[in-house]
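Visitor: Fold the following, please.
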Amino acid sequence: MAECTSDDRAAGATLCIMLVAVEPSGDVLGAALAGAIRERLGDSVRFVGVGGPLMAAQGIVSPFDPASLAVVGVFNALAAYPEVLRRADEAAELAGCERPDLAVLIDAWGFNLRVAGRLRKVDPSLPIVKYVAPQVWATRPGRARTLARAVDGLLTIHSFDAPYFEREGLPTRFVGNPALNRDFSRADGGRLRARIGAKPDERLLLLLPGSRAGEVDRLMPRFAAAVDRLMASRPGLHLVLPAADSVADRIAGHIAKWRHRPVVLKGETDRWDAMVAATAALACSGTVTTELALAGCPMVVAYRLGPLTGVIARALIRTPFITLFNVAAGGFVAPERVQEACTGGILANDIGLLLDDETARQAQANRQSAALAIMRGGIADPIGAAADAVAEWLRRPPESS
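Guide: Below you'll find the predicted structure:
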């Protein structure tokens, strides 16, 4: 059962904002957004909601641990559905107890859609804003209409999102992608190279197989096959692999079977150092591709779903691209190797071209940077822009919500 966290709501002097985030990336956004809103509104605002450890550090006491909802893939999602409904009910109970002035639902399309429906029943007058749009440009465009019926406003991190939702009458504001503001000025590639014994002129390949168990299990055998081919003709090639804590044991189990074992890195400092140290990267599709582009590292993007999930995805996906900067550029700035094309031979060929040709590496890095500029859309402070939008929404008169 939800338990109210404050008695000051009865006095009417404090604004209450509900933030709901159940994924690690959403926890990062939620914590940053809470901090930016507090900078603007000071002690006049308090927060309630659902989140992970970073949001907890901002004082948001979650009624449950959202880690159990971190699923990927159609069939995993179906298995988790009863848990999704139960946790959505708990989030709505919290809103009924705390009576927030505004709810901001962060990413997590499936879960937060159900939360929105329950919030409507608990308090029909509660303004609901979605932060981060479902990727209707990629698949299932009907979700734009569904979202327009479920919430009152949308804050989108991609400029190319807005038209899909505005056509459905949903007030939409592009606030920019915070991932584009990651600062690599303190990253030191030389430090990482010195630690692993790689000279400045020696080639270093960065391997990034993902942070979810399924991604790791499907990609690591392909990465191993690619590495075997690369090492056969490039024996001095250095290999490094930053392992997320959530899959570190799984990665170790895979690497134990490899003929050529990479240096496994742990911790954020080594991860960022490796991105600027690397000659090229072989990366699972996801946020990491944007980070690599920011670090100036050319890459090949890989992804593989399970067989049945892959069939369903192929029927639904409407875009040829899975990498955001490729979407923004409207072309394959970085090669993408997905499903049947994600093989050791193809990956080795793509990466080999980058490892062996400095001109090709620099050209791709430049194209990646140009695509990032398109993605930024002139927004210098994405979290600040989102916080400003939330503050403006709170100032709206009730009849316009």
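Visitor: alpha carbons only for contacts and neighbour counts from here, please
Guide: Noted.
Visitor: Compute the number of surrounding residues for E358.
Guide: 12 (other Cα atoms under 10 Å).
Visitor: One more: P100?
Guide: Quick note: P100 (other Cα under 10 Å) scores 23 neighbours.
Visitor: Could you pull up the residues touching it?
Guide: Taking Cα atoms under 8 Å, 6 or more residues apart in numbering as the criterion, P100 is in contact with L15, C16, I17, M18, V48, L126.
Visitor: let's see 6 Å
Guide: C16, I17, M18 (Cα atoms under 6 Å, 6 or more residues apart in numbering).
Visitor: just L155 next, same as before
Guide: L155 touches Y131, V132, T172, R173, F174, counting by Cα under 6 Å, 6+ apart.
Visitor: Serialize those to CSV and add fields for pLDDT and distance to L265.
Guide: Converted to CSV, the contacts of L155 look like this (pLDDT from 0 to 100; distance: Cα to Cα, whole Å):
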residue, pLDDT, distance to L265
Y131, 98, 33
V132, 96, 31
T172, 97, 40
R173, 97, 39
F174, 97, 36
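Visitor: and which of the residues you listed is nearest to V61?
Guide: Ranked by distance to V61 (Cα to Cα), these are led by Y131 at 19.8 Å.
Visitor: pretty sure the closest one is touching I106, no?
Guide: Yes: using Cα atoms under 6 Å, Y131 is in contact with I106, at 4.7 Å.
Visitor: And L241, how far from Q339?
Guide: Distance of L241 to Q339, given as Cα to Cα, to the nearest Å: 22 Å.
Visitor: Now do the buried residues in stretch 189-202.
Guide: Buried residues in stretch 189-202, counted by 16 or more other Cα atoms under 10 Å: G189, L192, R193, A198.
Visitor: What is the end-to-end distance of that stretch?
Guide: Per Cα to Cα, the first residue of stretch 189-202 is 12 Å away from its last.
Visitor: what comes into contact with that stretch?
Guide: D273, V276, A277.
Visitor: Just among the residues you listed, which is most surrounded?
Guide: A277 (26 neighbours).
Visitor: What pLDDT is listed against G189?
Guide: Note on G189: pLDDT of 98.
Visitor: Which secondary structure element is home to R361?
Guide: helix 358-376 (DSSP states H and E).
Visitor: Following element in sequence after that helix, please.
Guide: Scanning onward from helix 358-376 (DSSP H and E), the first element met is helix 382-394.
Visitor: export stretch 15-23 as PDB, just CAs?
Guide: Provided in PDB are the C-alpha atoms of stretch 15-23 (Å, rounded to 0.1, in the frame of the first residue of the first chain):
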ATOM      1  CA  LEU A  15       3.600  22.200  -4.900                       C
ATOM      2  CA  CYS A  16       3.800  18.500  -5.400                       C
ATOM      3  CA  ILE A  17       5.200  16.900  -8.500                       C
ATOM      4  CA  MET A  18       5.000  13.100  -9.200                       C
ATOM      5  CA  LEU A  19       7.800  11.600 -11.200                       C
ATOM      6  CA  VAL A  20       7.600   8.000 -12.400                       C
ATOM      7  CA  ALA A  21      10.600   6.200 -13.900                       C
ATOM      8  CA  VAL A  22      11.100   2.500 -13.800                       C
ATOM      9  CA  GLU A  23      14.200   2.100 -16.100                       C
END
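Visitor: Can you point out the buried residues in that stretch?
Guide: Neighbour-count burial for stretch 15-23 [16+ other Cα under 10 Å]: L15, C16, I17, M18, L19, V20, A21, V22, E23.
Visitor: Among those residues, which pair sits farthest apart?
Guide: Largest pairwise distance in the buried residues of stretch 15-23, by Cα to Cα, is 25.4 Å, between L15 and E23.
Visitor: one step back: would you list the contacts of L155 in CSV and tack on distance to F184?
Guide: Below are the contacts of L155 laid out as CSV (distance: Cα to Cα, whole Å):
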residue, distance to F184
Y131, 26
V132, 24
T172, 31
R173, 28
F174, 25
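Visitor: and these, which of them are in strands?
Guide: Counted as lying in strands by DSSP state E, out of these, are Y131, T172, R173, F174.
Visitor: ChimeraX command to pick out the buried ones of those residues?
Guide: Per 16+ other Cα under 10 Å, the buried members of the ones in strands among the contacts of L155 correspond to this ChimeraX selection:
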select :131,172,173,174
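Visitor: and P178, how far is that from E291?
Guide: For P178 relative to E291 (Cα to Cα), the value is 11 Å.
Visitor: And the lengthiest helix in the chain, what does it pack against?
Guide: Longest helix in the chain, counting residues (DSSP state H): helix 213-233. Contact here means 3 or more Cα pairs under 6 Å, 6 or more residues apart in numbering; DSSP states H and E; on that basis helix 213-233 packs against helix 344-356.
Visitor: quick one: buried residues of the helix it packs on?
Guide: G344, G345, I346, L347, A348, D350, I351, G352, L354, L355.
Visitor: want to throw those into CSV with distance to D152 and pLDDT?
Guide: Listed next are the buried residues of helix 344-356 as CSV, based on distance: Cα to Cα, whole Å; pLDDT from 0 to 100:
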residue, distance to D152, pLDDT
G344, 47, 97
G345, 49, 98
I346, 46, 98
L347, 44, 98
A348, 48, 98
D350, 45, 98
I351, 45, 98
G352, 49, 98
L354, 46, 98
L355, 49, 98
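Visitor: Could you give the secondary structure assignment for L282?
Guide: Classification of L282 using DSSP: H, G, I helix; E, B strand; the rest coil returns strand.
Visitor: any idea how far V276 is from E215?
Guide: 24 Å.
Visitor: Check D245 too.
Guide: Taking Cα to Cα, one finds D245 at 21 Å from V276.
Visitor: Distance of G330 relative to P298?
Guide: For G330, the distance to P298 equals 18 Å [Cα to Cα].
Visitor: Let me know the next secondary structure element after the helix or strand of the chain with the lowest mean pLDDT.
Guide: Here the helix or strand of the chain ranked lowest by mean pLDDT, DSSP states H and E is helix 74-79, holding a mean of 52. As assigned by DSSP H and E, the chain's next helix or strand after helix 74-79 is helix 81-98.
Visitor: Specify the beta-bridge partners of V104.
Guide: L19, V129 (DSSP bridges).
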